[in-house]
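Undergrad: Using only what follows, build the 3D model:
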Amino acid sequence: MTVLNGRRALITGAASGIGAAIARAYAEAGAALALADLDADGLAAVAGELPAGAAVTRHTVDVSDAAAVRALAGEAIDAHGGIDVLVNCAGILSEVPLVEMEPATWDRLLEVDLRSVFLCCRYVVPHMVAAGGGRVINVSSQLGLKGGEGLTHYSAAKAGVIGFTKALAREVSRHGVLVNAIAPGPIVTPLIDGLSPQWQAAKEAELPLGRFGRPEEVAPTAVLLASDPGGNLYTGQTLGPNCGDVMP
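TA: The predicted structure is shown next:
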């Protein structure tokens, strides 16, 4: 599959989980990659798994830091000659009832899961507008649509990602920049280690498919949204590979 030949993609949260699966799928589809994460060792491991000859650069960065993200965008553009696809996949997760949540816990999760999406778009989308087009894919969650017990901070951040996606799509689609979100259901990644076994068991039992998804089952949606002509008519949309947890 070479549907992304010639595309240059910046992927945040690329060291593990869904971000890593998207990186592998994009490389197999022919894209050049700038992979970003705080986990330098994880980035190196993912890069080592990519097909031989894949064009890839690694960037260790805190995507909640404005100066660092601005530098990341510049480095990725310099290294690859531009950015055609931005995948915002960086995220953290913890399970804390609201009545026990410290403000610092709320603030840090929103910094990583929502502020980072704004920052990456802020410093990459102007380049896409100037270039006459691009694709932005923001990884949200089905919990941004339905909420989750013990996850008010995470649900709020992911709902914010969906609202941000719709608003930005209205701003920049006329410039050829298509902005969409993916809202997966629970996926077996290191992220869910922050959830109690009781929460995981209860969630799995209520899913129509009866199981959690795998990262490689989400990645094809990101390939579709980045591809031509497959993704050409999507903008402001939220696609839901969620095991049936949300049925709009």
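Undergrad: Name the residue closest to the centre of the protein, please.
TA: Nearest to the mean C-alpha position of the chain, counting by CA atoms, centre = their mean, stands Cys89 at 2.2 Å.
Undergrad: For Gly132, see how far away that one is.
TA: Look at Cys89 and Gly132: by CB to CB, to the nearest Å, they are 25 Å apart. Where you see a C-beta, it was placed from the backbone N, CA and C, and this is true even at glycine.
Undergrad: Please apply the same query to Ala201.
TA: 49 Å.
Undergrad: Ala21 too?
TA: 29 Å.
Undergrad: Now tell me which helix or strand of this structure has the poorest mean pLDDT.
TA: helix 197-206 (a mean of 91; mean pLDDT, DSSP states H and E).
Undergrad: residues of that one that come out buried?
TA: Residues Trp199, Gln200, Lys203 are the ones in helix 197-206 that count as buried (16 or more other CB atoms under 10 Å).
Undergrad: So the first one is in contact with Gly150, correct?
TA: So that's Trp199. Yes. The pair Trp199 / Gly150 is scored as a contact, 6.7 Å apart, by CB atoms under 8 Å.
Undergrad: Can you pull the residues that touch both of those two?
TA: Glu95 (CB atoms under 8 Å, 6 or more residues apart in numbering).
Undergrad: End to end on stretch 43-60, go ahead and measure it.
TA: Across stretch 43-60, the terminal residues are separated by 8 Å (CA to CA, to the nearest Å).
Undergrad: Surely Arg58 is within a helix?
TA: No. Under DSSP: H, G, I helix; E, B strand; the rest coil, Arg58 sits outside any helix and is assigned strand.
Undergrad: which residue ranges form the strands in this protein?
TA: Ranges of strands in the chain, per DSSP state E, are 8-12, 32-37, 56-60, 85-88, 134-139, 177-182, 238-239.
Undergrad: Looking at those strands, which is nearest to Leu145?
TA: strand 238-239 (7.6 Å; CB to CB).
Undergrad: That closest one packs against which elements?
TA: Counting by 3 or more CB pairs under 8 Å, 6 or more residues apart in numbering; DSSP states H and E, the packing neighbours recorded for strand 238-239 are strand 177-182.
Undergrad: for the strand it packs on, packing partners?
TA: Using 3+ CB pairs under 8 Å, 6+ apart, strand 177-182 sits against helix 116-131, strand 134-139, helix 152-172, helix 215-226, strand 238-239.
Undergrad: Out of those, which gets nearest to Ala45?
TA: With CB to CB as the yardstick, what comes closest out of the helices and strands packed on strand 177-182 is helix 215-226 (14.2 Å).
Undergrad: pLDDT on stretch 224-237, on average?
TA: For stretch 224-237, mean pLDDT is 98.
Undergrad: contacts for it?
TA: 3-4, 7, 9, 26, 29, 31, 84-85, 87, 135, 137, 165-166, 169-170, 173, 178-182, 223, 239.
Undergrad: among the residues you listed, which ones are buried?
TA: 3-4, 7, 9, 26, 29, 31, 84-85, 87, 135, 137, 165-166, 169, 178-182, 223, 239.
Undergrad: on that earlier part again, mind putting the strands of the chain in a markdown table, distance to Gly231 included?
TA: Converted to a markdown table, the strands of the chain look like this (distance: least, CB to CB, whole Å):
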| stretch | distance to Gly231 |
| --- | --- |
| strand 8-12 | 13 |
| strand 32-37 | 18 |
| strand 56-60 | 22 |
| strand 85-88 | 10 |
| strand 134-139 | 6 |
| strand 177-182 | 7 |
| strand 238-239 | 10 |
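Undergrad: Below-threshold pLDDT in the chain: ranges please.
TA: For the chain, residues meeting the criterion pLDDT under 70 lie at 1.
Undergrad: Give me the phi and psi for Ala15.
TA: phi -80, psi -10 (degrees, to the nearest 10).
Undergrad: Could you verify my assumption that it touches Ala47?
TA: No. In this structure Ala15 lies outside contact range of Ala47 using CB under 8 Å: 9.7 Å.
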